[in-house]
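Undergrad: Sequence plus predicted model, see below.
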Amino acid sequence: MSFSIISKSKNAIDIVFSENKMIVYLEDGRELAVPLEWFPRLRKATSEQLKKWRFIGKGEGVHWEEIDEDISIKNLLE
């Protein structure tokens with residue numbers, strides 16, 4: 001027997017960082033861990049710069065003004 005859960009929610013509600021990962025928390029309860037290696041600007045940023053993010057839209061994306069980086073949550077999921 002197999003089943004799948006289909007969720008229409010792709011918006012982020014929080015983001016935290018470990019030494020080498022960005023962890024995105026989605027409003028449907030999922031957690032997405034992404035290597036910082038995928039994003040050179042994030043990888044090179046200081047921990048203080050990483051903390052200075054804001055959501056684009058209602059969590060559809062994330063923006064870091066200081067390091068000029070934008071990330072789409074939809075693209076992370078694809």
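TA: Looks like it arrived, so ask away. Not measured: the values here are computed from a predicted model. Numbers count the residues shown, from 1 in each chain.
Undergrad: Any regions of the protein where pLDDT drops low?
TA: For the chain, the stretches flagged by pLDDT under 70 are 1-9.
Undergrad: ranges for the helices of it?
TA: Taking DSSP state H as the test, the helices found in the chain are 40-44, 47-50, 73-77.
Undergrad: Out of these, flag the one nearest residue 56.
TA: Minimum separation from residue 56 across the helices of the chain (C-beta to C-beta) falls at helix 73-77, 9.0 Å. The C-beta positions use only the backbone N, C-alpha and C, and glycine is treated the same way.
Undergrad: Return the distance of the closest one from the chain's centre.
TA: Distance of helix 73-77 from the chain centroid (C-alpha atoms, centre = their mean, to the nearest Å) equals 8 Å.
Undergrad: Kindly spell out which helices and strands sit in contact with that helix.
TA: Packed against helix 73-77 by the contact rule (3 or more C-beta pairs under 8 Å, 6 or more residues apart in numbering; DSSP states H and E) you find strand 21-26, strand 31-35.
Undergrad: starting at the chain centroid, how far to the last one?
TA: Which is strand 31-35. For strand 31-35, the separation from the chain centroid amounts to 7 Å (computed by C-alpha atoms, centre = their mean).
Undergrad: what do you get for the first one?
TA: Here the centre of mass of C-alpha atoms in strand 21-26, compared against the chain's by C-alpha atoms, centre = their mean, lies 5 Å away.
Undergrad: same thing with stretch 23-38?
TA: Distance of stretch 23-38 from the chain centroid (C-alpha atoms, centre = their mean) equals 5 Å.
Undergrad: okay, the helices and strands packed on helix 73-77, which one's buried deepest?
TA: Comparing the helices and strands packed on helix 73-77 by mean neighbour count (mean count of other C-beta atoms under 10 Å), strand 21-26 ranks first with a mean of 18.
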